[in-house]
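>>> Structure for the following, please:
(one chain, ligands or ions: 1)
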Amino acid sequence: MKIHSLLILLWSILSGGLVFAQQTPQTIADAKLPSLLTIYKDIHSHPELSCHEERTSALIAKELRATGCEVTENFGKYDNPNLKGYGVIGIMKNGDGPTVLVRTDMDALPVEEETGLPYASHAVAKNDDGKDVHVMHACGHDAHMSAFIGVARALAKVKDQWHGTILFVAQPAEETGNGARALLNAGLYEQFGKPDFALGFHDKADMQTGHIGVTEG
Ligand SMILES: [Zn+2]
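Residues are numbered from 1 along each chain as shown. This next block holds a predicted model:
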């Protein structure tokens, strides 16, 4: 696989920019946008706290399976044995080539939504102290997941334009910081192979719409 092509593809899906011959990321993104928005609104109105991403992870698993990925659910091992790992791993194989990890996060925050949007969250859940808290995707993980599903769908559609393996990773408990550790503790790289490249992204409220900031390392 040409990693460069993948980066352009991911970039284009996210920014709606560059154009390939044949089926372009732009045409794929345009075609997929309505259904991805439906997924976005569904996820937004059903947020789940860190380490409790049961419904969300099932949705991700279903969508990855629909793109032809080999999917492993309930992946992850926390230090606290009472917590269940809801990580989802999807493998998309497409011949010889490097392995690229593409990552999203899944958890929401104990925040009350006051946007008044038709798909606003009204969710209430118990936090780790047993107290009822409002829950909201206030950090943008709903957008991350929708784009992640869009990337999987697009890569499945243009398999003639890349070679290698994509390791899709839906990470639980990003907000509390222990979800990534739980995936490593469960043997993410031992079980699924260590990727040659890892791509993750996070939305950023102070960055202009349509722009992407990139950092190495
Ligand atoms: Zn976040």
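>>> Not counting its neighbours along the chain, what's nearest Met207?
Gly213 (6.0 Å; C-beta to C-beta, 6 or more residues apart in numbering). For the C-beta atoms, the positions are set from N, CA and C on the backbone; glycine is no exception.
>>> Doesn't the one you found belong to a strand?
No. The assignment for Gly213 by DSSP: H, G, I helix; E, B strand; the rest coil gives coil, which leaves it out of any strand.
>>> For stretch 209-217, list the C-alpha coordinates in PDB.
Backbone C-alpha positions of stretch 209-217 (Å, rounded to 0.1, in the frame of the first residue of the first chain) are rendered in PDB as follows:
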ATOM      1  CA  THR A 209     -13.600  24.700   9.800                       C
ATOM      2  CA  GLY A 210     -12.100  22.800   6.900                       C
ATOM      3  CA  HIS A 211      -8.600  23.000   8.200                       C
ATOM      4  CA  ILE A 212      -6.500  20.000   9.500                       C
ATOM      5  CA  GLY A 213      -3.600  20.300  11.800                       C
ATOM      6  CA  VAL A 214      -1.000  17.600  11.600                       C
ATOM      7  CA  THR A 215       1.700  16.500  14.100                       C
ATOM      8  CA  GLU A 216       4.200  13.700  14.000                       C
ATOM      9  CA  GLY A 217       5.100  11.300  16.700                       C
END
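>>> what pLDDT, on average, does it get?
What stretch 209-217 shows for mean pLDDT is 87.
>>> got a list of what the residue nearest the centre of the chain touches?
The C-alpha lying nearest the average C-alpha coordinate of the chain belongs to Thr104 (C-alpha atoms, centre = their mean; 2.7 Å). Residues counted as contacts of Thr104 (C-beta atoms under 8 Å, 6 or more residues apart in numbering) are 60, 141, 144-145, 147-148, 169-171, 200.
>>> Okay, and which of those map to strands?
169-171, 200 (DSSP state E).
>>> from those, which two are the most distant?
Pairwise distances across the ones in strands among the contacts of Thr104 (C-beta to C-beta) peak at 11.2 Å, for the pair Ala170 and Gly200.
>>> Looking at those two, which is more packed in?
Legend: neighbour count by other C-beta atoms under 10 Å for Ala170 and Gly200, higher for Ala170 (32 against 15).
>>> The nearest residue to the more buried one once chain neighbours are set aside in helix, strand or coil?
Among residues not flanking Ala170 along the chain, Val88 sits closest, at 4.0 Å (C-beta to C-beta, 6+ apart). Of the three states, Val88 takes strand under three-state DSSP.
>>> so what pLDDT did Ile13 get?
If you check Ile13, the pLDDT there is 51.
>>> Flag every buried residue along stretch 115-127.
Going by neighbour count (16 or more other C-beta atoms under 10 Å), the buried part of stretch 115-127 is 119, 121, 123.
>>> Averaged pLDDT, it. What do you get?
Across stretch 115-127, pLDDT averages out at 96.
>>> Residues contacting that stretch, please?
41-42, 44-49, 52, 108, 110, 113, 132-137.
>>> Strands of this structure, start to end?
70-75, 87-94, 99-105, 124-126, 132-134, 164-171, 197-200.
>>> which helices and strands does the fifth one pack with?
Translated: strand 132-134. Applying 3 or more C-beta pairs under 8 Å, 6 or more residues apart in numbering; DSSP states H and E, we find strand 132-134 packed against strand 124-126.
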